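Enquirer: here's a sequence, model it:
(chains A and B)
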Amino acid sequence: MKTFLLPEFTIERRDERCIRCRVCERQCSQEGHYYDEELDTMFHREEVCVGCQRCVVFCPTNALVVRPHPSEYRPNANWTREKLQDLKKQAETGGVILTGSGNDKPYRIYWDHLVLNASQVTNPSIDPLREPMELRTFLGRKPDMLDIEISDEDVEIKSDLYPNLMIETPIVFSAMSYGAISYTAFKSLAMAAKEFGTLFNTGEGGLPKDMREKYGSNAIVQVASGRFGVDPEYLNVSAAVEIKIGQGAKPGIGGHLPGEKVSVNISETRMIPEGTDALSPAPQHDIYSIEDLSMLIYALKEATNYEKPVSVKIAAVHNVAAIASGIVRAGADIVAIDGLRGGTGAAPKIIRDNVGIPIELALAAVDKRLRDEGIRNKCSILIAGGIRCSGDVIKAIALGADAVYIGSPALIAMGCTLCQKCYTGKCAWGICTQDPYLTKRLNPEIASRRLVNLLRGWSHEIKEMLGGMGINAIESLRGNRDHLRGVGLEEWELNVLGVKGAGE
Amino acid sequence: MRFNIRHESERFLPEKDIQACGLFGVMNIKGERFGGERAIKAIVNMKARGNGLGGGYAVYGLYPEYRDYYALHIMYQNKNLEAKKEVDRFLSNNFDIVYDEEVPTNPEADVMYPPLVWRYFVSPKKRGESKRLSDDDYVVAKVMHINTSIDDAYVFSSGKDMGVFKGVGFPEDVADFFMLDELYKGYLWTVHSRFPTNTPGWWGGAHPFSILDWTVVHNGEISSYGTNRRFLEMHGYFCTLFTDTEVMAYAVDLLMRRQGLPIEVVSKIFAAPMWDIIDYMDEKKRKLYSTLRMVYSPLLINGPFTVIVAHHGEMFGITDRIRLRPITAGAKGDFVFLSSEESAIRAVSPKLDLVWTPRGGEPVVVRLNKKDHLISLKESI
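Expert: The predicted model follows:
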């Protein structure tokens, strides 16, 4: 069938600069560039271009420009180009439109409507380059009170303590499975987490055997609806276990790793036959209610001898506060909430763009609910989906998060440009692909250095902002909404966020 | 304090009080009672630390003749006698009132809008449900009822054999108003001079803040206020005065009175050692301090503060962990002093045996018949 789609991107080649080195041809995983020897000229097919900018970055003479295709339909505020193109695509295929990365629609980004406080006169600001500034964070259940026995000089803790995770910055790498991303990308995350003293999350694709000993203690291992790669060793080498109920990019639906991506290594790690589709059902079929969740939480605690915190990850949906409260009462040590803008390797576009609620509102509601019920200390809150910079991180903490998950920022640090074609398995940056020709582009030594740099840079910035507020330990900002003010928000939004308007 | 006020949204919480202040405390560790001259003279010496919008005193060993009874100091704003009638009714329903009288005042004193201040010596008359409460918790509940439910009535203090005198004015004027130098003796005095930056003073808002025999005088702005407040709310303390000091007072009540932790441990919660220090402690200490920081991280008091907390037999002073606000300790014979400035101590006791500046987060603990304050001398700067 003749396609009626307009190309998404246009490729402009400044021929006077082109030296025919054919780098673009080799770098493009979509076969967008080709060379004609007879004419000694480079040509391109712009209809396959996804705008990932790989060729642009690698062109040694800056001869290439890739930008959105200028051809346009008659302007129409209702029928946008995207709506028309999607519709045509479906008319040609009869399928569900897939996409990758996070929701790109202009829902209100609350981070951009919150501003932070700083000290003036009555309270000195603190310079983190001269004074200690502490970001160390503990994730897990805390007792209501400590039972301490004192005899003369000696002080002893009598209470039973719950396992907690210690991280050196309140930033954790979000769940991205081996299978969805390449082994090199997966390993880069693990290496960076270990070096910086934080955690990465295995996602639902298991933890490769060769990584268990070295990186297990920095891994949050997921138990998802497909139960891929779950064995006793997997649970016990980990730092913590996470039950994945939902994902912000696709609340209410499962996952699908196509058989073509299930190579020998992935089949071993996931414990499924090579070349078979890895299907994660929408619900966990042993969890149809909160009491079922509690049973799985305690089954996992039993399996790990009560030495690991158990996290439960849900997508931010309408009644997230009540659900989170149930999760804490079911015995979870960490509640992870993934918001509307959370990323994905593959999701139906219609779900990604229309289901769930913004993480800022979900976080504020959950934190308030848990406090009102007097159980906030019984769990830590980890949030995901929509963090873009250290400013977002610190605002999340002031709203009540214990730490944040970052997925997209980590991928972007490694090279990702959010072209949203993760589901094609042809990532030219070697991140979201299993093609060895592409994955070897990503050197874990270098990629992990980029990730560590990211964590270091953000941590420095967080320290600067904390110091400005006259605070020298991150825990004193946690849930401290007094340090936030809203700008350009409706009254109901301020109420839900529990934040005064600027000047109030 | 411990009553239930849920806000629909935290957006509607009133603005917090911000202030800077001068503090002074003096204790005779042999328990001998002395008059108010030292406290008054010392705070006058630090006049620049206040702006005349609040001063107050806490005195221990104040009413030895009534030492078995809770001494309630209650103020009636605008001398509202209707409020007094209501309080009198409430008190006689819930307590046996052994004796009550107006707190004598000097009408010539230079203070603004003085209220009527009355003192009652009472013992709990518990009935029904409330029989399960301890006497202390019973008194706390009744005090909170008066403070929140009866307009124009406010309880200055509610401990036994102690009392708080406070008001709007410079501390020496407040002392003049209550004639503290003539009428009273105690073995422990703390005093506060207030410099609020954003609220006009009201008599109840001056320091010391007190519940039972606990008093807190405080200098500072707590940057962690929001975090501290929300944690205390989970434990049933609802902040109604919106001052940093209130948070300190409730945290002290929670950790020390209800949980029975000693000052030495509590001070390591308020002003926790840095991780860089904890990481190099021996195994046992590392575990203790890590656990304290982990469990009580919401009670880390961040930002500049100095606080002097007192109750019977004990007084302690502490600054924030990076010492952004000053405190100095001194000793002469049986007298131990804590002060914002050394000059104030010298003003009342020029020849000191010892004077030292404790390190940030290092408490100076002064106890009756003990030399515990010398422990901090070893840690001084």
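Enquirer: Provide the secondary structure category for B:Val336.
Expert: Secondary structure state of B:Val336, per DSSP: H, G, I helix; E, B strand; the rest coil, is strand.
Enquirer: that one: neighbouring residues, count only.
Expert: Neighbour count of B:Val336, defined by other Cβ atoms under 10 Å in any protein chain shown: 28. (C-beta placed from N, C-alpha, C; glycine too.)
Enquirer: tell me the bridge partners for the residue lying closest to it once chain neighbours are set aside.
Expert: Nearest in space to B:Val336, with sequence neighbours left out and distances taken as Cβ to Cβ, 6 or more residues apart in numbering or on different chains, is B:Val366 at 4.6 Å. When bridges are taken as DSSP bridges, the partners of B:Val366 come out as B:Met315.
Enquirer: which other helices and strands does the longest helix along chain A contact?
Expert: Taking DSSP state H as the assignment, the helix of chain A that covers the most residues is helix A:444-468. Contact here means 3 or more Cβ pairs under 8 Å, 6 or more residues apart in numbering or on different chains; DSSP states H and E; on that basis helix A:444-468 packs against strand A:171-173, helix A:183-196, helix A:390-399, helix A:408-414.
Enquirer: re earlier: so what's the residue nearest to B:Val336 up against?
Expert: The neighbourhood of B:Val366, defined by Cβ atoms under 8 Å, 6 or more residues apart in numbering or on different chains, consists of B:25, B:27, B:29, B:314-316, B:336, B:338, B:372-373.
Enquirer: and the furthest pair within those residues?
Expert: Between all members of the contacts of B:Val366, the longest pairwise span (Cβ to Cβ) is found for B:Gly25 and B:Asp372 and amounts to 14.5 Å.
Enquirer: the more surrounded of the two?
Expert: When B:Gly25 is set against B:Asp372 and neighbours are counted by other Cβ under 10 Å, the residue ahead is B:Gly25, at 28 against 19.
Enquirer: what pairs with the more buried one across the strands?
Expert: Beta-bridge partners of B:Gly25, counted by DSSP bridges, are B:Thr190, B:Leu338.
Enquirer: spell out which parts of the stretch 301-450 of chain A neighbour chain B.
Expert: Along the stretch 301-450 of chain A, the residues adjacent to chain B under the rule Cβ under 8 Å from any Cβ of the partner chain are A:368, A:371-372, A:374, A:376-377.
Enquirer: could you redo the last one with a cut-off of 7 Å?
Expert: With Cβ under 7 Å from any Cβ of the partner chain as the criterion, the stretch 301-450 of chain A comes near chain B at residues A:371-372, A:374, A:376-377.
Enquirer: give me the distance from the longest helix of chain A to the chain's centre.
Expert: Taking the mean of its C-alpha atoms, helix A:444-468 sits 16 Å from the chain's own mean (Cα atoms, centre = their mean, to the nearest Å).
Enquirer: so what's B:Met27 closest to, chain neighbours aside?
Expert: The shortest distance from B:Met27 to any residue other than its chain neighbours is 4.3 Å, reached at B:Leu188 (Cβ to Cβ, 6+ apart).
Enquirer: correct me if wrong: the one you found contacts B:Phe316.
Expert: No: proximity of B:Leu188 to B:Phe316 does not meet the contact threshold set by Cβ atoms under 7 Å, at 11.4 Å.
Enquirer: which of those two has more neighbours?
Expert: Neighbour count, other Cβ under 10 Å: between B:Leu188 and B:Phe316, B:Leu188 has more, with 29 against 26.
Enquirer: wait, does the helix or strand of chain B with the lowest mean pLDDT make contact with chain A?
Expert: Per-element confidence for chain B was summarised using mean pLDDT, DSSP states H and E. The lowest value among helices and strands belongs to helix B:244-252, with a mean of 86. No: using Cβ under 7 Å from any Cβ, helix B:244-252 stays clear of chain A, coming no nearer than 10.1 Å.
Enquirer: mind saving the C-alpha coords of the following helix or strand past that helix as PDB?
Expert: Reading on from helix B:244-252 to the C-terminus, the next helix or strand found by DSSP states H and E is helix B:263-270. The C-alpha atoms that make up helix B:263-270 are tabulated as PDB, following Å, rounded to 0.1, in the frame of the first residue of the first chain:
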ATOM      1  CA  ILE B 263      19.800  15.000  77.000                       C
ATOM      2  CA  GLU B 264      23.100  13.500  75.800                       C
ATOM      3  CA  VAL B 265      21.300  11.400  73.300                       C
ATOM      4  CA  VAL B 266      18.700  13.900  72.400                       C
ATOM      5  CA  SER B 267      21.300  16.500  71.700                       C
ATOM      6  CA  LYS B 268      22.800  14.000  69.100                       C
ATOM      7  CA  ILE B 269      19.400  13.900  67.500                       C
ATOM      8  CA  PHE B 270      18.900  17.700  67.300                       C
END
